[in-house]
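K.L.:
predicted coordinates and the sequence they were generated for:
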Amino acid sequence: MPKKLTGDNSKAVAAKERKNEKAAVEKAAKQKAEEDSYWADDDKNLAKKTAKKEEAEKKRLEALNKKKEREDLAAQEVQETPARLAKVNVTKVTQARIWEETTRREEAAKKAAGKPEQETHLSKPLEENINR
């Protein structure tokens with residue numbers, strides 16, 4: 001008969017330890033879940049009450065954010081207004097000047113288009129009617 005080994009296999013021992021640790025962790029998690037479910041409050045009225053409070057708090061925070069955004073926009077507009085007003089020319093513009101500018105723009109647009117003006121009965125000289 002062969003001689004019996006008196007020592008332990010180190011790899012087998014390490015594997016058993018890992019297995020036991022894993023089982024202990026699973027058992028602890030299961031026990032914690034059981035305990036949490038035991039102490040869980042299943043009161044529907046309380047759940048509704050807390051949900052309502054959370055919703056009210058959420059609405060309040062959204063309203064505060066919107067208010068802050070409006071204030072920021074108003075402050076930004078106030079800062080931009082003097083700069084805009086400084087650029088505006090405060091001299092009086094007459095009807096004649098407005099008419100000159102519009103005719104100048106129209107002429108420039110016609111020139112830019114590059115199309116010759118279409119001949120109409122108004123732009124042609126009058127011709128004698130030969131049928132008469």
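P.N.:
Yep, it's here.
K.L.:
can you say which helix or strand has Glu80 in it?
P.N.:
helix 44-87 (DSSP states H and E).
K.L.:
show me where pLDDT drops low in this structure?
P.N.:
Along the chain, the model assigns pLDDT under 70 to residues 1, 84, 86-90, 115-117.
K.L.:
which helices and strands sit right next to the helix holding Glu80?
P.N.:
Using 3 or more C-beta pairs under 8 Å, 6 or more residues apart in numbering; DSSP states H and E as the contact test, no helix or strand touches helix 44-87. (Glycine included, C-beta is placed from N, CA and C.)
K.L.:
starting at the chain centroid, how far to that helix?
P.N.:
The gap between where helix 44-87 is centred and where its chain is centred comes out at 15 Å by C-alpha atoms, centre = their mean, to the nearest Å.
K.L.:
then stretch 14-25?
P.N.:
For stretch 14-25, the distance to the chain centre is 50 Å (C-alpha atoms, centre = their mean).
K.L.:
kindly report the same for stretch 43-60.
P.N.:
27 Å.
K.L.:
if we can go back for a sec, after the helix holding Glu80, which helix or strand is next?
P.N.:
In N-to-C order, the element after helix 44-87 by DSSP H and E is helix 95-113.
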